[in-house]
Structure formats: C-alpha cells, structure tokens
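[1] sequence and predicted model, in that order:
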Amino acid sequence: MRNDIRTLRTVGGLSQQQLAEAMDVSRQTINSIEKERYTPSLPLAIALARYFGKSVEDVFHVDP
C-alpha cells in the first residue's frame, strides 16, 4: 500500500519526531509507514489523514 505521509509531512514542515508525537507513536513507526514497510492500523490511518485534513483514500493508495 502506497501513501503520501512523507510528502504531507515535509510540506507541513514537520519532522518525523513531531508527527510521531502528534500521533502518539514512535518516530520509527512514522519512518516505517513512510517507507511503506508497515501498514498502519485503521485508527492510526484515520488519525493521520485527519491530521493533514485529508480523507484516508487521499493519503493511502492500494496498489492494483
């Protein structure tokens, strides 16, 4: 599953640590999501999308 977390984070001027603190997860979790090695839980995916003012579908993309 692809995602736009890194782009949204950098455009927003946030570090991985800042985003992790806002989401109450570790920086490593954000790093793993950005590198697409980890698919977040539904509650975390929703929280990330809401944080950036997007829908889950706008942030996370299922590969065909």
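    The structure has been received and is ready for your questions.
[2] for the closest residue to Asp4 other than its chain neighbours, give me phi and psi.
    In space, and not counting its chain neighbours, Asp4 is closest to Val59: 5.3 Å by CB to CB, 6 or more residues apart in numbering. (Glycine included, C-beta is placed from N, CA and C.) When quoted as degrees, to the nearest 10, the phi and psi of Val59 stand at phi -100, psi -40.
[3] where are the low-confidence patches of this structure?
    By pLDDT under 70, the chain has no low-scoring segment.
[4] go again with 80.
    In the predicted model of the chain, residues 63-64 satisfy pLDDT under 80.
[5] coming back round to it: I figured the residue nearest to Asp4 hits Gly53, correct?
    No: with contacts defined as CB atoms under 8 Å, Val59 does not count as touching Gly53, sitting 10.2 Å away.
[6] out of those two, which sits in the busier spot?
    A count of neighbours by other CB atoms under 10 Å puts Val59 above the other of Val59 and Gly53, at 21 against 8.
[7] so who does that one touch?
    By CB atoms under 8 Å, 6 or more residues apart in numbering, the contact set of Val59 is Asn3, Asp4, Ile5, Leu8, Ala45, Leu48, Ala49, Phe52.
[8] so which of those residues are in strands?
    Among the contacts of Val59, the members found in strands (DSSP state E) are Asn3.
[9] any idea how far Thr29 is from Ser41?
    Computed as CB to CB, to the nearest Å, the Ser41 to Thr29 distance reads 10 Å.
[10] neighbour count for these two, which is higher?
    Higher neighbour count among Ser41 and Thr29: Thr29, with 17 against 10, using other CB under 10 Å.
[11] can you tell me the element that one falls in?
    Per DSSP states H and E, Thr29 falls inside helix 27-34.
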